[in-house]
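# sequence plus predicted model, see below.
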Amino acid sequence: MRLRNVPGAREVMIENKYVFTEPEGMKGTWKDVFGNSNPVHIEIGMGKGVFITTLASQNPDINYVGIEKYSSVLLRAVEKQDELQLPNLRFIRMDAENINEVFGKDEVDRIYLNFSDPWPKDRHAKRRLTSRQFFARYDQMLKKEGRVEFKTDNKALFDFSVEEVKEAGWILEECTYDLHNDTRLNEGNVMPEQEKKNLGNACTYYKIEQPLAHRAEADALSAHFLYQKLVALYGEEQPELFVTTPLNCRMKRQQPATKRQKEYLQDLLKCHRIDITVQLDDISRSDASRLIDKIILQYGWVKPQNK
């Protein structure tokens with residue numbers, strides 16, 4: 001994952017009244033922070049905060065705490081909260097490994113995990129937010145009837161998480177591999193920014209029937225219907241989002257095939273006795289790459305010759 005450094009983001013976190021940058025020692029004090037005894041729901045790895053900010057605005061009788069490790073990512077959510085000033089929303093900049101230093105026993109009612117870092121290497125498994133190590137942490141702060149809600153588009157991480165639930169001694173109440181086509185579980189679903197980036201998910205969320213056609217044509221029609229739906233819902237409230245702007249297209253100059261690509265193509269053609277009408281000296285780098293992939297897929301791989 002690459003993160004863009006935002007100058008001044010760390011300073012904003014330190015000075016902002018909605019953000020706790022040194023939350024250690026706050027265990028057991030969240031009723032005082034919010035000034036009430038309402039349920040506390042937290043999101044670990046909240047990203048830009050679309051999900052938790054939406055929930056906080058929809059549910060004023062629930063207190064929300066968003067946790068994010070990186071100031072440059074958290075900044076977007078803080079800027080939005082400065083506009084909304086929701087009394088039931090706070091943020092923490094911290095590493096989730098230290099979460100039990102921040103929340104005490106029975107202090108949390110629900111935990112949301114949305115599109116968490118999959119940490120794909122086996123040696124990093126314990127860092128995954130759905131590992132048995134993290135479930136042990138959640139056990140220490142969730143109420144008896146508390147729950148964890150987890151969403152991901154990474155099947156390997158999902159399968160791992162299902163197994164970890166069992167290993168941790170938890171009960172799997174609900175499970176689906178196709179949330180957006182599960183009418184019951186998808187009801188009231190609030191999509192974080194990662195989920196909204198998928199055209200199919202967005203169409204399902206806004207109840208837009210996707211046409212059955214050639215993929216490019218179907219995507220174009222779906223995008224058109226989705227745009228019309230968004231204009232109808234938010235056009236009057238936020239007209240600036242729908243102001244048309246000119247499109248700028250930058251054409252990238254074609255790069256010629258590299259010497260190594262040409263040599264490997266020659267090896268492939270010679271080994272598999274393939275004749276082509278294209279002159280290798282005239283082929284572009286991208287075309288050479290596609291041709292190599294096509295030959296390997298159809299005829300097999302050849303070890304490059306040392307030249």
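On my side now, so go ahead. Numbering: from 1, shown residues only.
# hey, where'd the helices end up in this protein?
9-15, 30-34, 50-58, 71-84, 132-139, 155-167, 183-186, 193-196, 199-205, 215-234, 259-272, 285-299 (DSSP state H).
# which helices and strands sit right next to the first one?
Just to be clear, that refers to helix 9-15. helix 71-84 (3 or more CB pairs under 8 Å, 6 or more residues apart in numbering; DSSP states H and E). C-beta coordinates here come from the backbone N, C-alpha and C atoms, glycine included.
# same check on the second one?
Helices and strands in packing contact with helix 30-34 are listed as strand 63-68; criterion 3+ CB pairs under 8 Å, 6+ apart.
# just checking: what are the partner strands of the strand it packs on?
strand 40-44 (parallel), strand 89-93 (parallel) (DSSP bridges).
# so can I have JSON lines of the ones you listed showing distance to residue 270?
Output for these, formatted as JSON lines (distance: least, CB to CB, whole Å):
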{"stretch": "strand 40-44", "distance to residue 270": "56"}
{"stretch": "strand 89-93", "distance to residue 270": "59"}
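# CA atoms of stretch 159-178 as PDB?
Extracted in PDB, the C-alpha atoms of stretch 159-178 (Å, rounded to 0.1, in the frame of the first residue of the first chain):
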ATOM      1  CA  ASP A 159     -11.800 -17.700   4.300                       C
ATOM      2  CA  PHE A 160      -9.000 -17.200   6.800                       C
ATOM      3  CA  SER A 161     -11.400 -15.100   9.000                       C
ATOM      4  CA  VAL A 162     -14.100 -17.700   9.000                       C
ATOM      5  CA  GLU A 163     -11.700 -20.300  10.300                       C
ATOM      6  CA  GLU A 164     -10.200 -17.900  12.900                       C
ATOM      7  CA  VAL A 165     -13.700 -17.200  14.300                       C
ATOM      8  CA  LYS A 166     -14.000 -20.900  15.100                       C
ATOM      9  CA  GLU A 167     -10.400 -21.200  16.500                       C
ATOM     10  CA  ALA A 168     -11.100 -18.200  18.700                       C
ATOM     11  CA  GLY A 169     -14.200 -19.800  20.200                       C
ATOM     12  CA  TRP A 170     -16.600 -17.300  18.700                       C
ATOM     13  CA  ILE A 171     -20.000 -18.000  17.100                       C
ATOM     14  CA  LEU A 172     -20.400 -17.100  13.400                       C
ATOM     15  CA  GLU A 173     -23.900 -15.600  13.300                       C
ATOM     16  CA  GLU A 174     -24.200 -14.600   9.700                       C
ATOM     17  CA  CYS A 175     -22.000 -15.300   6.600                       C
ATOM     18  CA  THR A 176     -22.300 -14.600   2.900                       C
ATOM     19  CA  TYR A 177     -20.000 -14.500   0.000                       C
ATOM     20  CA  ASP A 178     -22.300 -12.300  -2.000                       C
END
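# list the buried ones in that stretch?
Neighbour-count burial for stretch 159-178, with 16 or more other CB atoms under 10 Å as criterion, is recorded at 160, 161, 164, 165, 168.
# farthest-apart pair in those residues, please.
Spatial extent of those (CB to CB) is set by the pair 160 and 168 at 12.1 Å.
# looking at the helices of the chain, which one has the lowest mean pLDDT?
The minimum mean pLDDT among the helices of the chain belongs to helix 193-196 (a mean of 53).
# closest one to residue 135 among the strands paired with strand 63-68?
Of all those, strand 40-44 sits nearest to residue 135, with 12.3 Å by CB to CB.
# tell me how far that closest one lies from the chain's centre.
17 Å (CA atoms, centre = their mean, to the nearest Å).
# what angle sits between that strand and helix 50-58?
Strand 40-44 and helix 50-58 are oriented at 160 degrees to each other (axes from the mean of the first three to the mean of the last three CA atoms, to 10 degrees).
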